[in-house]
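# take this sequence and fold it.
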Amino acid sequence: MKHLKLEELKVGNYVLHNFYRIKLDGALFAQYIQNELKKKFYPIDLTTDFLDKTSFIKYGNNYEFWRNSAFSVELIKGNWEILYMSELMSKRIKYIHELQNFYYEVAGEMLWVSQHSI
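Take a look at the predicted model:
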């Protein structure tokens, strides 16, 4: 698995570091920028388990579809698709940090995630 590049990361992203799932904080991010860490950060696959611990609510029992006020996330043929305002903007995603970053770029705030989720 390829490690994440600096431009893919934001403080608050959930990532793998040294085989642990962590929420990237400012201090660790600063160390990464300054190349002080021996271990890299890696992406975490987006799962239904993770979505259940966010502000998204699951709809329907026969398909994978979650929604909150302006966004929806759907699993289509094995690929996650995030939509804003019913397809005004959409993006295919695979990892948790991609969902978090898209949400932040469009909504201007971090996606709410339960503190006990990772």
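# CA only for contacts and neighbour counts going forward, please
Fine.
# could you measure from the spatially most distant residue from the centre of the chain over to residue 18?
Relative to the C-alpha centroid of the chain, counting by CA atoms, centre = their mean, residue 36 is the outermost residue, at 24.6 Å. To residue 18, residue 36 is 14 Å away according to CA to CA, to the nearest Å.
# for residue 38, same thing?
Residue 38 sits 9 Å away from residue 18, going by CA to CA.
# for residue 60, same thing?
Taking CA to CA, one finds residue 60 at 37 Å from residue 18.
# and these two? Which one has more around it.
Neighbour tally, residue 60 and residue 18, criterion other CA atoms under 10 Å: the higher count belongs to residue 18, 12 against 8.
# for the residue nearest the centre of the chain, give me the pLDDT.
By CA atoms, centre = their mean, the chain has its centre lying nearest to residue 96, at 2.5 Å. pLDDT, residue 96: 96.
# now it, nearest residue through space, not along the chain?
Using CA to CA, 6 or more residues apart in numbering and skipping the chain neighbours, the partner closest in space to residue 96 is residue 46 (4.8 Å).
# for the protein, what are the low-confidence residue spans?
87-88, 116-118 (pLDDT under 70).
# quick one, helices of the protein?
Applying DSSP state H to the chain gives helices spanning 26-33, 48-51, 96-107.
# need those in a markdown table with distance to residue 8, can you?
Formatted as a markdown table, the helices of the chain follow (distance: least, CA to CA, whole Å):
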| stretch | distance to residue 8 |
| --- | --- |
| helix 26-33 | 12 |
| helix 48-51 | 19 |
| helix 96-107 | 8 |
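# tell me which of those sits nearest to residue 4.
helix 96-107 (9.8 Å; CA to CA).
# may I have the closest one as CSV, with CA atoms only?
C-alpha atoms of helix 96-107 as CSV (Å, rounded to 0.1, in the frame of the first residue of the first chain):
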residue,chain,number,x,y,z
ILE,A,96,-11.7,7.7,5.0
HIS,A,97,-9.4,10.7,4.5
GLU,A,98,-10.8,11.3,1.0
LEU,A,99,-14.3,11.5,2.4
GLN,A,100,-13.1,13.8,5.1
ASN,A,101,-11.3,16.1,2.7
PHE,A,102,-14.1,16.3,0.2
TYR,A,103,-16.5,17.1,3.0
TYR,A,104,-14.3,19.8,4.3
GLU,A,105,-13.6,21.4,0.9
VAL,A,106,-17.3,21.6,0.1
ALA,A,107,-18.9,22.2,3.5
